[in-house]
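# Have a look at this prediction, sequence included:
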Amino acid sequence: MSHPYWPFFDLVVRTPRLELRYPTDEQLVEVADLAARGIHPPDVMPFTVPWTDAPSPGLERSTLKHHWGLRAGLTAESWGLAFVTVVDGAIVGMQSIHGKDFAVTKTVETGSWLGMAHQGQGLGKEMRAAVLHLAFAGLGAQVAFSGASVDNEQSMGVSRALGYEDDGFLVVAVRGQAQREIRFRLERERWEERRRDDIVIEGLAPCLPLLGAGGS
């Protein structure tokens, strides 16, 4: 079914292992339930905003509100798309991509998470590869940034495996403590060296004007 007023609902990125889909409200409820079942051990906080510390049902409600806010706040000058990651018909996590003044900067930032039951299977790398294909092949990005807390070895491993280069660090306050966030940068030329030919994007053309993008 086509969605002429909000074409993101028709946007899909497919790899041989998974799909990235723009979520419906029903799927966001599944996302909230998945997050409530656990993303990380309680003594670890991989996010700069510790949203997973909220007890149920506050966590689930804040998850819904966050994604509704992304929809409501989307403009060509400042946007965020958070996709559900679907494997064999089941939602296993989320992969996001954000742009600010993209028409000028051609720059994006990505972030992601997986439910604990789905970690350690290579899905984090596959979903990042999918969203990078959307960024570079679909939107015409020139640079993609990502970040990870200094103790998030899995996320840093994904970035380095996909060709990102170290880009310094930030010091952020997390749970009342100073924590380093390692920054990573992937430029288009580096991405082209590893470009895959088995990732497919569907339904992108109607979305491009809403993101300040012309494609490539």
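Thanks, I have it. Numbers count the residues shown, from 1 in each chain.
# Can you check the pLDDT for the residue positioned nearest the centre of the chain?
With distances taken as CA atoms, centre = their mean, the chain has residue 96 as the residue nearest its mean C-alpha position (2.0 Å). Model confidence at residue 96, given as pLDDT, is 98.
# so it is in which element?
Taking DSSP states H and E as the criterion, residue 96 maps to strand 90-100.
# Pull out the buried positions in that strand.
By neighbour count on 16 or more other CB atoms under 10 Å, the buried set for strand 90-100 is 91-99. The C-beta positions use only the backbone N, C-alpha and C, and glycine is treated the same way.
# can you redo these as CSV with distance to residue 114?
Output for these, formatted as CSV (distance: CB to CB, whole Å):
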residue, distance to residue 114
91, 10
92, 6
93, 4
94, 8
95, 9
96, 13
97, 16
98, 19
99, 23
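# Residue 83: which of those is nearest?
Of all the buried residues of strand 90-100, residue 83 sits closest to residue 95, with 5.0 Å by CB to CB.
# Run through the bridge partners of that closest one.
residue 83, residue 112 (DSSP bridges).
# list the contacts for it?
By CB atoms under 8 Å, 6 or more residues apart in numbering, the contact set of residue 95 is 20, 82-83, 85, 110-112, 127-128, 130-131.
# can you map out the helices along this structure?
Applying DSSP state H to the chain gives helices spanning 25-36, 58-73, 102-105, 123-133, 153-161, 188-193.
# so which of these gets nearest residue 144?
The nearest among these, by CB to CB, is helix 123-133 at 6.0 Å.
# packing partners for the closest one?
In terms of contacts (3 or more CB pairs under 8 Å, 6 or more residues apart in numbering; DSSP states H and E), helix 123-133 is packed against strand 12-14, strand 19-21, strand 78-87, strand 90-100, strand 107-114, helix 153-161.
# Which among those is found nearest to residue 141?
Taking CB to CB, strand 107-114 is the member of the helices and strands packed on helix 123-133 nearest to residue 141, at 5.1 Å.
# Give me the mean pLDDT for the closest one.
97.
# Residue 41: which of the contacts of residue 95 is nearest?
Using CB to CB, these come closest to residue 41 at residue 112, 17.8 Å.
# And for the closest one, the neighbour number?
21 (other CB atoms under 10 Å).
# Relative to residue 184, how far out is the residue nearest to the centre of the chain?
Taking CB to CB, to the nearest Å as the measure, residue 96 falls 15 Å from residue 184.
# now swap in residue 212 and tell me
Residue 212 sits 24 Å away from residue 184, taking CB to CB as the criterion.
# quick one: low-confidence parts of this structure?
Along the chain, segments meeting pLDDT under 70 span 1, 215-216.
# For residue 64, which of the helices and strands packed on helix 123-133 is the nearest?
Across the helices and strands packed on helix 123-133, residue 64 has its closest neighbour in strand 78-87 (11.8 Å, CB to CB).
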